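Trainee: Provide a 3D model corresponding to the input given below.
(4 chains)
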Protein chains: 2
Amino acid sequence: MTVEPSFPATARAVLQRRSGITIWKQIADTLAQEIRDRHYLASGCLPSETALATRFKVNRHTLRQALADLQAQGLLRIEQGRGAFVQSDWVDYTLARRTRYSENMLRNRLHPVRQMLAGREEAATSAVAQALGLRRGGRVLVAELLQMAGEQPLGLATMYFPAARFAGLLDRLAAGDTVTQALQALGVADYSRVRSRVTTLLPDEALARTLCQPRARPVLCVESVDADTEGRPVKYGLTQFSGDRVQLVVDTADLAA
Amino acid sequence: MTVEPSFPATARAVLQRRSGITIWKQIADTLAQEIRDRHYLASGCLPSETALATRFKVNRHTLRQALADLQAQGLLRIEQGRGAFVQSDWVDYTLARRTRYSENMLRNRLHPVRQMLAGREEAATSAVAQALGLRRGGRVLVAELLQMAGEQPLGLATMYFPAARFAGLLDRLAAGDTVTQALQALGVADYSRVRSRVTTLLPDEALARTLCQPRARPVLCVESVDADTEGRPVKYGLTQFSGDRVQLVVDTADLAA
DNA sequence: ATTCATTTGTTCGTATGTATG
DNA sequence: CCATACATACGAACAAATGAA
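Mentor: From the prediction side, this is the model:
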């Protein structure tokens, strides 16, 4: 017997008949919310149909219609005789020494498509200056890139580069170069991630719209510093990932002791 | 001149006079929300008093009272002639090859205090079994530990151990042993983190209460696998950190290529 | 070393809304 | 209804600290 977690009050809410939303749809919505809230992470699958039918006090046919809807949405994969498995279509975004958006997309069998939303030069704020090893007020190039995963936006990356060293970088990015290509053209043979900091917050209206996600769903924020082979910082980044679509993976198996 | 970010609609809401909440308190609440939402991450400090007074259309005295309130709350540190600096009292929780709660607390100059909420033996669900290299249904020991940071809870850790190998482990944990100590007593000289996966979600009612945080603030979830020196998995963990108090740090500077 | 702009800290005064008796 | 006390809010001016030219 598997132990299932308890459900929040909202999920226990009584189903509304004659509300204009069919019972099976209400059940599907409830289960979809629970799947997104990782209630079934431990087992990876939903309780049996009979167990769910009992829980919602509906006939098993009604419940099966809800599950079929979830399968159509891609949230479930139902296998006869085995169960209904949660289909986590999350993008695994690996934070490693070599962290590249395009390589991460390819690992997930997705095409790395990005859209440059803005590019400008400005004075470095203290946090940016410190990360890049500049004096406060030093000039930095700023690029905002919307990173896509298939049809949907995955994350919004704001990147800062020392302006003095990388003149013309914004034009290359705008022309479609990847960050790696653009830096290579400007003399950076290779660069690697020094540190990443991960936090979470609820998006404001603008960010939610940009990421095509509800304001009520949190985003994952990654603050990062990359340096060239000589240890000089080349990029400071702030990326905001959709918390519904991204899972950050930290591989420490081959990290030095 | 520094570039300040745009504010969400809620922050632009007109202040309510004669609403029973004083103007300065309304301003303080608005700014506190923005601080928690990392609007001032880039610069690390708030705009000048005159700028904020202009923004809220109030006298500088009124605004100063709001800032004083925020400083009393510990969200700001105000320095004459310099500005109002955001006081990030976040706990930096490092995800590395050697990830230990107690060591992380000491790095943050905090006492590692934890509270064991539950301990039981159960059958492994498929995700747990896979992570620990057991067959599904194999017996696992489960421990729920509330990790504290000072007075406040920092995270709720649910840990799974192979029951056959670690008989008596729960008693040791209940007696106050750290995980490292308990495993050591049972023959595990050392163990290290293989992989961490980071996601985010909004807490349900029970989790919010356990972590002493509002339901409207997201939590950071870390799913982890640790293995002994021979590579055998010894622990599978699910930790839910308060997103308001924890920042996950991934150091890849000395990661092998 | 000096000057200057910026930013916080302080002290006057004035008006108003709120709570109390 | 009035008198009083107190906190709130606004305006102007000046002092002190900082940092950059």
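
Trainee: Residues of the stretch 51-200 of chain A that sit close to chain B?
Mentor: Residues of the stretch 51-200 of chain A lying close to chain B by CB under 8 Å from any CB of the partner chain are A:90, A:92, A:95-99, A:122-123, A:125-128, A:192-200. Placement of C-beta: from N, CA and C, glycine included.

Trainee: Mark which of those residues are buried, thanks.
Mentor: A:90, A:95-97, A:99, A:122-123, A:125-128, A:192-200 (16 or more other CB atoms under 10 Å in any protein chain shown).

Trainee: list the contacts for A:Y236?
Mentor: A:V128, A:A131, A:L132, A:M159, A:Y160, A:S224, A:V225, A:D226 (CB atoms under 8 Å, 6 or more residues apart in numbering or on different chains).

Trainee: Burial check on the second one, number of neighbours?
Mentor: By the criterion of other CB atoms under 10 Å in any protein chain shown, A:A131 has 21 neighbours.

Trainee: from the contacts of A:Y236, which ones fall inside helices?
Mentor: Among those, DSSP state H puts A:V128, A:A131, A:L132 in helices.

Trainee: quick check, nearest of the residues you listed to A:F241?
Mentor: Set against A:F241, the nearest of those by CB to CB is A:A131 (19.3 Å).

Trainee: does that closest one really touch A:V234, like I thought?
Mentor: No: using CB atoms under 8 Å as the test, A:A131 is too far from A:V234 to be in contact (10.7 Å).

Trainee: Among the contacts of A:Y236, which one lies nearest to A:Q65?
Mentor: A:S224 (45.0 Å).

Trainee: What score does the closest one have for pLDDT?
Mentor: Looking at A:S224, its pLDDT reads 95.

Trainee: Contact partners for it?
Mentor: A:T99, A:R193, A:R195, A:S196, A:R197, A:K235, A:Y236, A:G237, A:L238, A:T239 are the contacts of A:S224 under CB under 8 Å, 6+ apart.

Trainee: Could you rerun that using 6 Å?
Mentor: By CB atoms under 6 Å, 6 or more residues apart in numbering or on different chains, the contact set of A:S224 is A:S196, A:G237.

Trainee: can you check the one 10 residues further on too?
Mentor: Contact partners of A:V234, counting by CB under 6 Å, 6+ apart, are A:V188, A:Y191, A:D226, A:D228.

Trainee: and the third one, bridged to which residues?
Mentor: Beta-bridge pairing of A:D226 under DSSP bridges involves A:R193, A:K235.

Trainee: Tell me which helix or strand the closest residue to A:K57 other than its chain neighbours sits in.
Mentor: Among residues not flanking A:K57 along the chain, A:L15 sits closest, at 8.0 Å (CB to CB, 6 or more residues apart in numbering or on different chains). Element membership for A:L15, per DSSP states H and E: none, as it lies in no helix or strand.

Trainee: mind checking how far the residue of the stretch 151-257 of chain A found nearest DNA strand C is from DNA strand D?
Mentor: Residue of the stretch 151-257 of chain A nearest DNA strand C, by CB to the nearest atom of the strand: A:Y160 (21.0 Å). Distance of A:Y160 to DNA strand D, given as CB to the nearest atom of the strand, to the nearest Å: 18 Å.

Trainee: and that residue, how many neighbours does it have?
Mentor: 26.

Trainee: One more: A:F166?
Mentor: Neighbours of A:F166 (other CB under 10 Å): 20.

Trainee: Identify the residues contacting it.
Mentor: A:F166 touches A:L186, counting by CB under 6 Å, 6+ apart.

Trainee: After the helix or strand of chain A with the lowest mean pLDDT, heading C-terminal, what element do we hit next?
Mentor: In chain A, no helix or strand scores lower on mean pLDDT, DSSP states H and E than helix A:9-12, which sits at a mean of 40. Note on helix A:9-12: by DSSP H and E, the next helix or strand toward the C-terminus is helix A:23-36.

Trainee: Mind giving me the packing neighbours of that following helix?
Mentor: Applying 3 or more CB pairs under 6 Å, 6 or more residues apart in numbering or on different chains; DSSP states H and E, one finds that helix A:23-36 contacts helix A:60-73.

Trainee: now the angle from the helix it packs on to helix A:23-36?
Mentor: 50 degrees (axes from the mean of the first three to the mean of the last three CA atoms, to 10 degrees).

Trainee: Can you give me the buried ones in helix A:60-73?
Mentor: In helix A:60-73, counting by 16+ other CB under 10 Å, buried: A:T62, A:L63, A:R64, A:Q65, A:A66, A:L67, A:D69, A:L70, A:Q71.

Trainee: what does that helix contact?
Mentor: Everything outside helix A:60-73 that qualifies as a contact, by CB under 6 Å, 6+ apart, is A:I23, A:W24, A:I27, A:A28, A:E49, A:L52, A:A53, A:L76, A:I78, A:A84.

Trainee: In a markdown table: those residues, plus distance to A:L248, pLDDT and neighbour count.
Mentor: What follows is the contacts of helix A:60-73, written out as a markdown table (distance: CB to CB, whole Å; pLDDT from 0 to 100; neighbours: other CB atoms under 10 Å in any protein chain shown):
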| residue | distance to A:L248 | pLDDT | neighbour count |
| --- | --- | --- | --- |
| A:I23 | 37 | 88 | 19 |
| A:W24 | 35 | 89 | 20 |
| A:I27 | 31 | 88 | 23 |
| A:A28 | 29 | 87 | 24 |
| A:E49 | 34 | 92 | 17 |
| A:L52 | 31 | 91 | 19 |
| A:A53 | 37 | 91 | 19 |
| A:L76 | 24 | 87 | 25 |
| A:I78 | 29 | 86 | 17 |
| A:A84 | 27 | 88 | 22 |
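
Trainee: and which of those residues is nearest to chain B?
Mentor: A:A84 (12.8 Å; CB to the nearest CB).

Trainee: Tell me the secondary structure at the closest one.
Mentor: At A:A84, secondary structure determined by DSSP: H, G, I helix; E, B strand; the rest coil is strand.

Trainee: In space, what's closest to it - neighbours in sequence excluded?
Mentor: Nearest to A:A84 is A:L46, by CB to CB, 6+ apart, at 4.4 Å.

Trainee: Same check on A:V113?
Mentor: A:M148 (4.4 Å).

Trainee: One more: A:T94?
Mentor: A:V249 (4.6 Å).

Trainee: My understanding was that the one you found contacts A:W90; is that so?
Mentor: No: using CB atoms under 6 Å, A:V249 is not in contact with A:W90; the gap is 10.0 Å.

Trainee: Could you list the low-confidence segments of chain A?
Mentor: A:1-14, A:42, A:136, A:254-257 (pLDDT under 70).

Trainee: circling back: report the distance from the strand or helix carrying the residue nearest to A:T94 to the chain centre.
Mentor: Using DSSP H and E, A:V249 sits in strand A:246-251. Per CA atoms, centre = their mean, to the nearest Å, the displacement of strand A:246-251 from the mean C-alpha position of its chain is 9 Å.

Trainee: Name the surrounding residues that touch it.
Mentor: A:90-96, A:220, B:95, B:195-199, B:250.

Trainee: ok so, going back, ok, what's across the strand from the residue nearest to A:T94?
Mentor: Bridge pairing for A:V249 - DSSP bridges - gives A:T94, B:R197.

Trainee: ok, now how distant is it from B:S224?
Mentor: The gap separating A:V249 from B:S224 is 11 Å, by CB to CB, to the nearest Å.

Trainee: how close does the residue nearest to A:A84 get to B:V128?
Mentor: 17 Å.

Trainee: How about A:D37?
Mentor: For A:D37, the distance to B:V128 - CB to CB - is 19 Å.

Trainee: Could you count how many residues lie near A:A163?
Mentor: 19.

Trainee: That one: what's it in contact with?
Mentor: A:E121, A:R139, A:V140, A:L141.
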